[in-house]
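Trainee: no FASTA, just this:
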Ligand code: ADP
Ligand code: FRU
């Protein structure tokens, strides 16, 4: 790996990143082990946190030093106020968030197993997603990178088209987390596709290399990446061969909640720093592995930077 990649969190240039996606209220119960159906058990600990894929990734990109903006929808209940507080604490600009009156904040009830560090998420939402009309009023001048969660493919396709038309020079990434109708229409446009193992499996793949070899020709991306949990990740740069990157496991897995969001932030930061794709993915794997060995995201990047100095 290059020296630039080894100096993980410290050498970043501040870039402007716009993230489009969700913010949630996460109710996290840590349990001894995942309960059987119809059981009643005591949680070992409980915390409430702001969650959501894109806002989780932005909170880490902000910790790297980037200037982050969030575009998404917000309810108007007390939980939405705590989401805004949390994003403001991270210095994330929320001025483009769209308020939906009389709505309820999307909520995830999460069982985090102390035995394995695995997280089981039950997600409730009836909040509409951001649409292309609202996105059209967000200025794109000066933005270095736009990252989409890929929810609501019909609207996302229009938003991606706008970014390509107005800011063809900006970085553009799309998360492929879950298969959704219309998703195939999103594959032409983004330069970086960040898929999850769940997405690959739903498409019938059990091997990340086979998944990427199938995906790449159906896209206009220059880089396709798939995160593969405890086995690490795999990437394919256009014109190259799929490469596996082994996981970087911590001493003990305690909290895998948001590991994929952390991984995505690591890839985006690495590419923004000009790292070659392989180095960016290696950095992301190490970052996500480190994250799995500690709770939550608070102070993560500073901690990683300190640990790589020693
Ligand atoms: P998600 O949060 O979307 O389920 P994954 O489970 O695929 O995402 O994890 C994302 C990344 O986090 C992986 O590519 C890997 O680098 C790291 N990771 C996840 N689980 C582990 C683990 N048990 N040990 C080491 N690294 C892990
Ligand atoms: C983790 C996460 C949680 C959120 C859920 C939404 O990846 O973003 O913070 O509740 O996924 O699907």
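Mentor: Good, I have the coordinates. Please read these numbers as outputs of a predicted model, since none were measured by experiment. Ligands and ions are numbered 1, 2, ... in the order given.
Trainee: Would you mind listing what in this protein touches ligand 1?
Mentor: 196-197, 227-230, 232-233, 247, 249, 253, 256, 259-260, 263, 285, 288-289, 292 (Cβ under 6 Å from any ligand atom). No exception for glycine: its C-beta is placed from N, CA and C like everyone else's.
Trainee: Which of these fall in helices?
Mentor: 197, 259-260, 263, 285, 288-289, 292 (DSSP state H).
Trainee: just for the stretch 151-300 of the chain, where's the confidence low?
Mentor: Residues of the stretch 151-300 of the chain that meet the criterion pLDDT under 70 are absent altogether.
Trainee: what about the helices in it?
Mentor: Assigned by DSSP state H, counting those that start in this stretch, the stretch 151-300 of the chain shows helices spanning 153-166, 197-202, 208-215, 259-272, 277-292, 300-309.
Trainee: what does the protein have sitting close to ligand 2?
Mentor: 24, 26, 51-53, 56, 108, 121, 123, 257-258, 260-261.
Trainee: which one among those gets closest to ligand 1?
Mentor: Ranking the residues of the chain next to ligand 2 by separation from ligand 1, with Cβ to the nearest ligand atom as the measure, puts residue 260 on top at 2.3 Å.
Trainee: and that closest one, what does it touch?
Mentor: Residue 260 is in contact with 53, 177, 196, 227, 288, counting by Cβ atoms under 8 Å, 6 or more residues apart in numbering.
Trainee: what's the neighbour count on the spatially closest residue to residue 136 that is not a sequence neighbour?
Mentor: Once its chain neighbours are removed from consideration, residue 136 has its nearest residue in residue 162; the separation is 6.5 Å (Cβ to Cβ, 6 or more residues apart in numbering). The local packing of residue 162 (other Cβ atoms under 10 Å) involves 15 other residues.
Trainee: can you pull out the strands in the stretch 101-250 of the chain?
Mentor: Counting by DSSP state E, counting those that start in this stretch, the stretch 101-250 of the chain forms strands over residues 107-113, 119-124, 145-148, 171-176, 192-195, 223-227, 233-237, 243-245, given from the N-terminal end onward.
Trainee: need these in a markdown table with distance to residue 42 and mean neighbour count, can you?
Mentor: Output for the strands of the stretch 101-250 of the chain, formatted as a markdown table (distance: least, Cβ to Cβ, whole Å; neighbours: other Cβ atoms under 10 Å):
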| stretch | distance to residue 42 | mean neighbour count |
| --- | --- | --- |
| strand 107-113 | 12 | 19 |
| strand 119-124 | 17 | 14 |
| strand 145-148 | 38 | 26 |
| strand 171-176 | 35 | 23 |
| strand 192-195 | 37 | 26 |
| strand 223-227 | 32 | 26 |
| strand 233-237 | 36 | 24 |
| strand 243-245 | 39 | 17 |
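Trainee: Now tabulate those strands in TSV and tack on distance to residue 276.
Mentor: What follows is the strands of the stretch 101-250 of the chain, written out as TSV (distance: least, Cβ to Cβ, whole Å):
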stretch	distance to residue 276
strand 107-113	35
strand 119-124	32
strand 145-148	17
strand 171-176	15
strand 192-195	13
strand 223-227	10
strand 233-237	8
strand 243-245	11
